[in-house]
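Trainee: structure of the sequence below:
(chains A and B)
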2 protein chains.
Amino acid sequence: MTPADSFRRDSTRRVDAQAGASPRGLDEPRFADVLAAAARIAPHARRTPVLRSHSLNAIAGCDLHFKCENLQRVGAFKFRGACNAIFALPEATAARGIVTQSSGNHGAAVALASRLRGVPATVVVPEGAPAVKLAGIAGFGARVVRCAPTMAAREAAAAQLLAETGGHLVHPFDDADVIAGQGTTALELLHEVADLDVLLAPVGGGGLLSGCALAAKSLRPGIEVLGAEPAGADDAAASLREGRCITDRTARTVCDGLRGHLAPRTLALLQRHADGILIVDDADTLAAMRLLWERLKIVVEPSSAIAFAAVLREPGRFAGRRVGIVLTGGNVDLDTLPWQATA
Amino acid sequence: MTPADSFRRDSTRRVDAQAGASPRGLDEPRFADVLAAAARIAPHARRTPVLRSHSLNAIAGCDLHFKCENLQRVGAFKFRGACNAIFALPEATAARGIVTQSSGNHGAAVALASRLRGVPATVVVPEGAPAVKLAGIAGFGARVVRCAPTMAAREAAAAQLLAETGGHLVHPFDDADVIAGQGTTALELLHEVADLDVLLAPVGGGGLLSGCALAAKSLRPGIEVLGAEPAGADDAAASLREGRCITDRTARTVCDGLRGHLAPRTLALLQRHADGILIVDDADTLAAMRLLWERLKIVVEPSSAIAFAAVLREPGRFAGRRVGIVLTGGNVDLDTLPWQATA
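Mentor: Predicted structure coming up:
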């Protein structure tokens, strides 16, 4: 079954398709949810520009369109999903407050979206998280709760807060409204560049890639949708290969935004709508990152550059095609350049 | 006479106004020339985005609109003026080739615009110019001629080339078509944000500021137009104060794009259309530059950040106003961060 086939079934008979593809009965977003998210976040999120570069096109041998989510509020696409999830809540639920756990951009996104909705937010942050990201979260008025730097400690701390406060958890990616919100990235890109042949996005927990795949295949069934994943954290590719969520690997990559694992919900969406995952070494990602700074004149973090690196690694695959790339975020420590730190 | 008065006279009775304001009989651009430039360069130049930032607005206490010419082709607004000047030439003139002298962005702009027009270009570059900028000029197919690093040597080399080739000189700023081309920056910004109260741009030779002042006062006579100039190269402010071009000072500033002096043509336009020049220390410019990288997530060169630094220095002056800022270019050496180099 091609992804286009699966999309057509999904869009016409959602319940059946969901039941078939998602035996766990997970609440999965549909394309209508992405459209609703776009309307819901429009007053708050930025419609980010799509940048192009003649010189990068010449280097890559294809026609590149960069969707610049590093220019999104809080400096990352994460604001789309958090904003959609938080503004979708009933008033009484939202009023009890939002809880999440994150060492990075999702924490800042939840903090800002909660402030915009006018409800309290608590973010569980593991010890060792970058001071700059901590300051961002606190700067938006959220309460920060520290925990040990393990996934178990993060989840335990979040669970305890939920029990204490009766608050609502907004998971970084395992949440239908978050996924629908991230999908608005592809929606905007395809509204601006309708005839893309391929869309690439990084994959960590899979919220962005699954939302974008859903939106892209709905708008343009023939489009190819690919993820890009670090070689040192290639659990998404393995999960798709084995048909189950692989969560027991230790991630080793400079792409700090891509260390998460797929959840059953994002795995199911990727099985249905994505066409493959490309694996990229960190050295190639850092070289691509530098090239983006130099030629596009924008600040992107390593996780952002991986999809472009994937295109540069396989020029034959993309030759002459119209390629959309999601640049996911731009939150880096400007005291040290990443290519200096790793040189 | 207010700038608005002077504009009205200029736009209705050009010959008289020019004769009155410009006793030297210089060929000065009018607003119609800026409009013609916009149409002429439209197939080649980028319509650059206008970026905003809630956090920078909060820091500055005003409503900031950044016109991102660092995202222009060749990474600087210079492409607008060079493109307009080169495409405005009669075919026979253009065919004899373009000559210019520049150690920076204007050289790359002339090289690219000449290639697009399909005519040869020669760029005189002083010894000691950054290797990265030299590579850019040569990369666009221009012939590079080296000379001693003095203004006299540059002008002598250019004059000799003009005599040898019969080519056409496109001066970096002392050229009516170049000025009109740079003015399209303000045209686009005001088309996107019609109700600006103030427009700021850096001033070196004055091509950008005079073109933008002409365009802005024509579209919106009540707008305030201000230049920003390094304390170590404050010849434009002195020239406006004394009513003559001061060209005998040695510039000492990290803003390598702002070391030029006004020419009579740009001085006359600034006398008529600009409302003042703000002086900024390099340390403030570098701090503002870092803030732009951090919050706007874009790469700008020091010369680009000076207008924003001027706003941060005088919060009272800009409080609550709608402020347009031209970010002029993003060509920096990414091997060393400027705040590291000067720390």
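Trainee: elements contacting the longest helix along chain A?
Mentor: Once chain A is assigned using DSSP state H, the helix that runs over the most residues is helix A:176-192. Helix A:176-192 is packed against helix A:31-41, strand A:63-68, helix A:78-87, strand A:198-202, helix A:207-219, helix A:264-273, strand A:322-327, with contacts defined by 3 or more C-beta pairs under 8 Å, 6 or more residues apart in numbering or on different chains; DSSP states H and E. Glycine gets a C-beta too; all of them are placed from N, C-alpha and C.
Trainee: can we see that at 6 Å?
Mentor: helix A:31-41, helix A:78-87, helix A:207-219 (3 or more C-beta pairs under 6 Å, 6 or more residues apart in numbering or on different chains; DSSP states H and E).
Trainee: what angle separates the shortest one from helix A:31-41?
Mentor: Comparing the axes of helix A:78-87 and helix A:31-41 via axes from the mean of the first three to the mean of the last three C-alpha atoms, to 10 degrees yields an angle of 90 degrees.
Trainee: and if you look at the last one?
Mentor: Orientation of helix A:207-219 against helix A:31-41 (the same axes, to 10 degrees) gives an angle of 110 degrees.
Trainee: quick one: distance of the longest helix of chain A to the chain centre.
Mentor: Computed by C-alpha atoms, centre = their mean, to the nearest Å, the chain-centroid distance of helix A:176-192 equals 10 Å.
Trainee: mean neighbour count added to the helices and strands packed on helix A:176-192, as TSV?
Mentor: Listed next are the helices and strands packed on helix A:176-192 as TSV, based on neighbours: other C-beta atoms under 10 Å in any protein chain shown:
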stretch	mean neighbour count
helix A:31-41	20
helix A:78-87	30
helix A:207-219	30
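Trainee: can you redo the ones you listed as TSV with distance to chain B and mean pLDDT?
Mentor: Formatted as TSV, those follow (distance: least, C-beta to the nearest C-beta, whole Å; pLDDT from 0 to 100):
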stretch	distance to chain B	mean pLDDT
helix A:31-41	15	98
helix A:78-87	11	98
helix A:207-219	17	98
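Trainee: could you export those as JSON lines, including distance to A:Thr185?
Mentor: Listed next are the helices and strands packed on helix A:176-192 as JSON lines, based on distance: least, C-beta to C-beta, whole Å:
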{"stretch": "helix A:31-41", "distance to A:Thr185": "10"}
{"stretch": "helix A:78-87", "distance to A:Thr185": "6"}
{"stretch": "helix A:207-219", "distance to A:Thr185": "6"}
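Trainee: what's next to the longest helix of chain A, contact-wise?
Mentor: A:27, A:29, A:33-34, A:37-38, A:47, A:50, A:67, A:77, A:80-81, A:84-85, A:88, A:207-208, A:210-212, A:214-216, A:219, A:324, A:326 (C-beta atoms under 6 Å, 6 or more residues apart in numbering or on different chains).
Trainee: let's go with 7 Å and repeat that
Mentor: Residues from elsewhere that reach helix A:176-192, judged by C-beta atoms under 7 Å, 6 or more residues apart in numbering or on different chains: A:27-29, A:33-34, A:37-38, A:41, A:47, A:50, A:65, A:67, A:69, A:77, A:80-85, A:88, A:170-171, A:173, A:196, A:199, A:207-208, A:210-212, A:214-216, A:219-220, A:266, A:269, A:324, A:326.
Trainee: tell me which of the helices and strands packed on helix A:176-192 lies nearest to B:Val254.
Mentor: The closest of the helices and strands packed on helix A:176-192 to B:Val254 is helix A:78-87. By C-beta to C-beta, the value is 34.0 Å.
Trainee: and the next element down the chain from that closest one?
Mentor: Scanning forward in sequence from helix A:78-87 by DSSP states H and E, the next helix or strand is helix A:91-95.
Trainee: the helix or strand following that next one pairs with which strands, and in what direction?
Mentor: The helix or strand immediately downstream of helix A:91-95 is strand A:98-101, counting by DSSP H and E. If you go by DSSP bridges, strand A:98-101 pairs up with strand A:121-126 (parallel), strand A:168-169 (parallel).
Trainee: can I get the longest one in PDB, CA atoms only?
Mentor: These are the backbone C-alpha positions of strand A:121-126, laid out as PDB (Å, rounded to 0.1, in the frame of the first residue of the first chain):
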ATOM      1  CA  ALA A 121       2.200  26.300  33.600                       C
ATOM      2  CA  THR A 122       4.700  24.100  35.300                       C
ATOM      3  CA  VAL A 123       7.600  22.600  33.400                       C
ATOM      4  CA  VAL A 124       9.600  19.700  34.700                       C
ATOM      5  CA  VAL A 125      13.200  20.300  33.700                       C
ATOM      6  CA  PRO A 126      16.000  17.700  34.200                       C
END
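Trainee: which bits of chain A sit near chain B?
Mentor: Selection of chain A residues close to chain B by C-beta under 7 Å from any C-beta of the partner chain yields A:49, A:51, A:54, A:70-71, A:75, A:290, A:293-294, A:297-299, A:330, A:334, A:337.
Trainee: swap in 8 Å and give it another go.
Mentor: For chain A, the residues found near chain B under the criterion C-beta under 8 Å from any C-beta of the partner chain are A:49, A:51, A:54, A:70-71, A:73, A:75, A:290, A:293-294, A:296-300, A:330, A:334-335, A:337, A:339-340.
Trainee: so who does the nearest residue to A:Ala60 once chain neighbours are set aside touch?
Mentor: Nearest residue to A:Ala60 in three dimensions, chain neighbours excluded: A:Val311, at 5.5 Å (C-beta to C-beta, 6 or more residues apart in numbering or on different chains). A:Val311 is in contact with A:Ala60, A:Cys62, A:Leu64, A:Leu200, A:Phe318, A:Val323, A:Ile325, counting by C-beta atoms under 8 Å, 6 or more residues apart in numbering or on different chains.
Trainee: redo that, cut-off 7 Å
Mentor: By C-beta under 7 Å, 6+ apart, A:Val311 lies in contact with A:Ala60, A:Cys62, A:Leu200, A:Phe318, A:Val323, A:Ile325.
Trainee: show me which of the residues you listed are buried.
Mentor: A:Ala60, A:Cys62, A:Leu200, A:Phe318, A:Val323, A:Ile325 (16 or more other C-beta atoms under 10 Å in any protein chain shown).
Trainee: take the residues you listed and lay them out in TSV including pLDDT.
Mentor: As requested, the buried ones among the contacts of A:Val311 are exported to TSV (pLDDT from 0 to 100):
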residue	pLDDT
A:Ala60	98
A:Cys62	98
A:Leu200	98
A:Phe318	98
A:Val323	98
A:Ile325	98
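Trainee: which intervals of the stretch 201-343 of chain A have sub-threshold pLDDT?
Mentor: A:341-343 (pLDDT under 70).
Trainee: map the structural domains onto the sequence of chain A.
Mentor: A:3-77+A:175-341, A:97-166 (automatic domain parsing).
Trainee: so which of the ones you listed is the most surrounded?
Mentor: domain A:3-77+A:175-341 (a mean of 21; mean count of other C-beta atoms under 10 Å in any protein chain shown).
Trainee: isn't A:Pro29 up against A:Cys212?
Mentor: No. Look at A:Pro29 against A:Cys212 with C-beta atoms under 7 Å: they stay out of range, at 11.6 Å.
Trainee: so the helix or strand containing A:Ala152 versus strand A:121-126, what angle?
Mentor: Element membership of A:Ala152 [criterion: DSSP H and E] is helix A:151-165. Angle of helix A:151-165 versus strand A:121-126, following the same axes, to 10 degrees, is 160 degrees.
Trainee: can you list contacts of helix A:151-165?
Mentor: So helix A:151-165 is contacted by A:Arg96, A:Gly97, A:Val99, A:Gln101, A:Thr122, A:Val124, A:Pro126, A:Val145, A:Cys147, A:Gly167, A:Leu169 (C-beta under 7 Å, 6+ apart).
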